[in-house]
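>>> A structural model of the following input is requested.
(chains A and B)
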Number of protein chains: 2
Amino acid sequence: MDISTVNSLSYEDFVDTFGNVVERSPLIVAAIWPYRPFANLSDLEARISELIDSLPESGKEGILRCHPDLAGRDLQRGTLTRESQEEQSQAGMASLNPEETTRMYRLNTEYKRRFGFPFIICAKMNNKAAILRQLTERSGNSQTKERAHAIDEVKKICNLRLRNVVLPDIQNKL
Amino acid sequence: MDISTVNSLSYEDFVDTFGNVVERSPLIVAAIWPYRPFANLSDLEARISELIDSLPESGKEGILRCHPDLAGRDLQRGTLTRESQEEQSQAGMASLNPEETTRMYRLNTEYKRRFGFPFIICAKMNNKAAILRQLTERSGNSQTKERAHAIDEVKKICNLRLRNVVLPDIQNKL
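Have a look, this model is predicted:
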């Protein structure tokens, strides 16, 4: 989709198209719809990022809690969103061996007990080993630092999801 | 569910249980989970209300745009959330005659063109005649006044949805 098509969408179609670029949080993109026309993909990304930054810290944590665990119950039950399913599979989360599954479950549980939200990482930018390493390392962060880190990952995931739908800037002409 | 059961829920179960008390906006309840223990239903309602009030105006409009039209395309397609389906049916929106359907479509379209979000009213507190009257009257409001009115309706809907799940205060003991 080119940016002029994006700019022509009704809010209903805009939310239908981009509602899950921030996992299970359609209100984020619904909030930025009035900022059309977007100059290009980067402009659209920037507006989403600004909206997230404008939320109270509790609201940011709310976004985090709308994310599934990596290799967790939603993957096992088949209830991941389409986007999460694809990202977790690509990062090898759908094909862990029993030992890795147990380790991931234990680390996720410890992380959630500590922070009160799930471990979030842009799975498409990481492989299994990197994910396990970061899950261990980031568990040592303070609440404030880890919340900020997790929100940065949300934005990376969002940007890749947007790039699956909108043409890159160089191919867009207003 | 009594309030002590509510207070014992993991954030995953809390979001599963209350994720749609604000239509398609699970991040709202996900954000207030850390405020447990809630003293009672009123306390839970107040926390949700405060969180909504703490959002930037664009975020509040984002919530509004996550709502379906009354007697609109989601009702016709059968893609309403369970809660909205029940509320709209109870208010007679699922059994409009062709003339009423056309009138509602026209009024909804005009309202959305003016405000950039859908007309929202607590359907359970209104009947068909009252809904049509308010849709006409509120279309004359300023953007600021109407946004505030619509958010008040969101809170009324939220409170009724909460009351479907949580025991009233008098039956709750901490």
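
>>> which bits of chain A sit near chain B?
Contact residues, chain A versus chain B (Cβ under 8 Å from any Cβ of the partner chain): A:11-12, A:15, A:24-34, A:51, A:54-56, A:58-59, A:61-66, A:73, A:112, A:116-117. From N, CA and C alone the C-beta is placed, and that goes for glycine too.

>>> So how do I select the buried members of those in ChimeraX?
Selection of buried members from these for ChimeraX, criterion 16 or more other Cβ atoms under 10 Å in any protein chain shown:
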select /A:11,12,15,24,25,26,27,28,29,30,31,32,33,51,55,58,59,61,62,63,64,65,66,112,116,117
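
>>> mind listing what the closest residue to A:Cys158 other than its chain neighbours touches?
Closest residue to A:Cys158 apart from its sequence neighbours, by Cβ to Cβ, 6 or more residues apart in numbering or on different chains: A:Val21 at 4.8 Å. Contacts for A:Val21 (Cβ atoms under 8 Å, 6 or more residues apart in numbering or on different chains) come out as A:Ile28, A:Val29, A:Ile48, A:Cys158, A:Arg161, A:Leu162, A:Val165.

>>> Distance-wise, check A:Val21 relative to A:Val6.
For A:Val21, the distance to A:Val6 equals 12 Å [Cβ to Cβ, to the nearest Å].

>>> ok, now A:Gly72?
For A:Gly72, the distance to A:Val6 - Cβ to Cβ - is 33 Å.

>>> Flag the shaky bits of chain A, pLDDT-wise.
Under the criterion pLDDT under 70, the flagged ranges of chain A are A:172-174.

>>> how about the helices in it?
Along chain A, counting by DSSP state H, helices occupy A:3-7, A:11-18, A:26-32, A:41-54, A:57-65, A:73-77, A:82-90, A:98-115, A:128-138, A:143-163.

>>> which of the contacts of A:Val21 has the most neighbours?
A:Ile28 (28 neighbours; other Cβ atoms under 10 Å in any protein chain shown).

>>> list the buried ones in stretch A:130-144?
For stretch A:130-144, by 16+ other Cβ under 10 Å, it's A:Ile131, A:Leu132, A:Leu135, A:Arg138, A:Ser139.

>>> Make sure the fourth one is actually in contact with A:Glu146.
To tie it back to what came earlier, the one meant is A:Arg138. Yes. Judged on Cβ atoms under 8 Å, A:Arg138 makes contact with A:Glu146 at a distance of 5.9 Å.

>>> closest to B:Phe38 out of the helices of chain A?
helix A:57-65 (14.5 Å; Cβ to Cβ).

>>> What is the closest one packed up against?
helix A:143-163, helix B:26-32, helix B:41-53 (3 or more Cβ pairs under 8 Å, 6 or more residues apart in numbering or on different chains; DSSP states H and E).

>>> nearest to B:Ser84, of those?
helix B:26-32 (14.8 Å).

>>> contacts for the closest one?
A:24-25, A:27, A:56, A:58-59, A:61-66, B:11, B:14-15, B:18-22, B:44, B:47-48, B:51-52, B:63.

>>> any idea how far that helix is from the chain center?
Distance, stretch centre to chain centre, for helix B:26-32: 14 Å (Cα atoms, centre = their mean, to the nearest Å).

>>> what does stretch A:34-51 give?
Using Cα atoms, centre = their mean, the offset of stretch A:34-51 from its chain centre is 17 Å.
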